[in-house]
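K.L.:
Requesting a structural model of the entry that follows:
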Amino acid sequence: MAGGKLISTGVEFPDATTQTTSGLPLTGGTMTGTIAGFTSTGIDDNATSTAITIDASENVGIGAAPKTWSSERSALQVNGITSLAASAAVAGSAGILYHNSYMNAAGLEKYIVADEASAYMQQNGNHYLKTAAVGTADATITWTTAMTIDNNGKTLMNTVSSSDNTDAFKITNNSTASWALNLNNAGQSNYILITAQSGTGTVTHHQFNNSNGEVGTIKTLNSSTHYNTSSDYRLKELDVPMEGSIDRLKLLRPINFAWKVDGSRTDGFFAHEAGEVVPECATGTKDAMRDEEYEVTPAVMDGETVVTEAVMGTRSVPDYQGIDQSKLSPLTISALQEAITLIEQLTARVTELENA
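P.N.:
Numbering: from 1, shown residues only. Purely as a prediction, here's the structure:
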């Protein structure tokens, strides 16, 4: 080996500037046969530091000695922090790309240094992306399976199993974050998200759940889309007819307004005004604000290496209200029914006077 040494417990190969009486080649050529008592412990870098280490379990470390891995895994560990590990070639075996984690001799997955950890595992034709919060070195890791692609091509986020055989893309928000899936099309003209199903029968494209169970769906049927909120009579009680709907309807202020962003005009309401009449139609609070993290100065990069971390700040931004105009329909229908009743009463009175 030119410019370096193969380190062993039984023999030391020379560098390219010397010749031995054993007839080993200086540079080039091929050595065959065996050397009694030879056990490799590594390859050094110009005789200054060990660059590659192979331990007795045939695990390999590049840039650092490999950890003591479980006998269930064979591993290639790079710079002591990232590893490619595989189990024996049998049914159910796994291949895993670890970062800041390894499986110790007891079969427990541990942190290497005090930091977050992640892993990408392929097993039984499935793909698993796992994450773990910050932990201390050599502490046992508790994984969160952030994303799964199963052998049938189904994609699951924050869950490892489909609720039934029809789920194609399932998201479960297991954290306190305000969103589970963030899709950003960066202003492009094509679609951000498409869901499709062959056939024209009733298909549930999206189902919305909370701790009460299913609370809404988006379904397609034939050539139409249905946006459904829970409304089954078995979920409700103490129903009474609506009264005074005309008076309430008169309190609403339908307006034609322009959007500030582009000046386009449309019909609608101010959320806070409509919410005073029909509270369930509006979300949020008038003039509310929220904290938003933003990048004050970007990171300074040297290729893929971060020279200076980005400087982040927090600012207060509007927390806008929203409106679900469908929630105004019951009041509108009730007011119309009251108006129809009044019209019918007046019509009957006019008829009565004409026939008098």
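K.L.:
Measure how buried residue 93 is and give me the count.
P.N.:
Residues contacting residue 93 under the criterion other CB atoms under 10 Å number 13. C-beta coordinates here come from the backbone N, C-alpha and C atoms, glycine included.
K.L.:
can you offset everything so residue one is 46?
P.N.:
Got it, first residue is 46 now, which makes that one residue 138.
K.L.:
Residue 122 versus that one, what's the distance?
P.N.:
19 Å (CB to CB, to the nearest Å).
K.L.:
Same check on residue 191?
P.N.:
Noted for residue 191: a distance of 23 Å to residue 122, by CB to CB.
K.L.:
List the buried residues for the strand or helix carrying residue 201?
P.N.:
Assessed by DSSP states H and E, residue 201 sits inside strand 200-202. Neighbour-count burial for strand 200-202, with 16 or more other CB atoms under 10 Å as criterion, is recorded at 201-202.
K.L.:
From the contact counts, what lies against that strand?
P.N.:
strand 189-194, strand 214-216 (3 or more CB pairs under 8 Å, 6 or more residues apart in numbering; DSSP states H and E).
K.L.:
Comparing the ones you listed by mean pLDDT, which bottoms out?
P.N.:
For the helices and strands packed on strand 200-202, mean pLDDT drops lowest on strand 214-216, to a mean of 67.
K.L.:
Which element is encountered next along the chain beyond that strand?
P.N.:
strand 248-255.
K.L.:
For that next one, what does the pLDDT average out to?
P.N.:
Strand 248-255 comes out at a mean pLDDT of 87.
K.L.:
Give the buried residues for that strand.
P.N.:
Buried-residue list, strand 248-255, by 16+ other CB under 10 Å: 249-250.
K.L.:
Over to stretch 315-322?
P.N.:
Those would be 316, 319-320, 322, for stretch 315-322 by 16+ other CB under 10 Å.
K.L.:
Now intersect those with the strands, please.
P.N.:
Using DSSP state E, no member of the buried residues of stretch 315-322 sits in strands.
K.L.:
nearest to residue 355, of those residues?
P.N.:
residue 316 (35.1 Å; CB to CB).
K.L.:
Identify the residues contacting that closest one.
P.N.:
326-329, 331, 366-368 (CB atoms under 8 Å, 6 or more residues apart in numbering).
K.L.:
so how far is residue 305 from it?
P.N.:
Residue 316 is 15 Å from residue 305, by CB to CB.
K.L.:
Now residue 138. Its backbone dihedrals?
P.N.:
Dihedral pair for residue 138: phi -70, psi 160, per degrees, to the nearest 10.
K.L.:
That one and residue 170 touch, don't they?
P.N.:
No: checked against CB atoms under 8 Å, the pair residue 138 and residue 170 is beyond contact range at 11.5 Å.
K.L.:
So residue 177, which state does it fall into?
P.N.:
State at residue 177, reduced to three classes by DSSP: H, G, I helix; E, B strand; the rest coil: strand.
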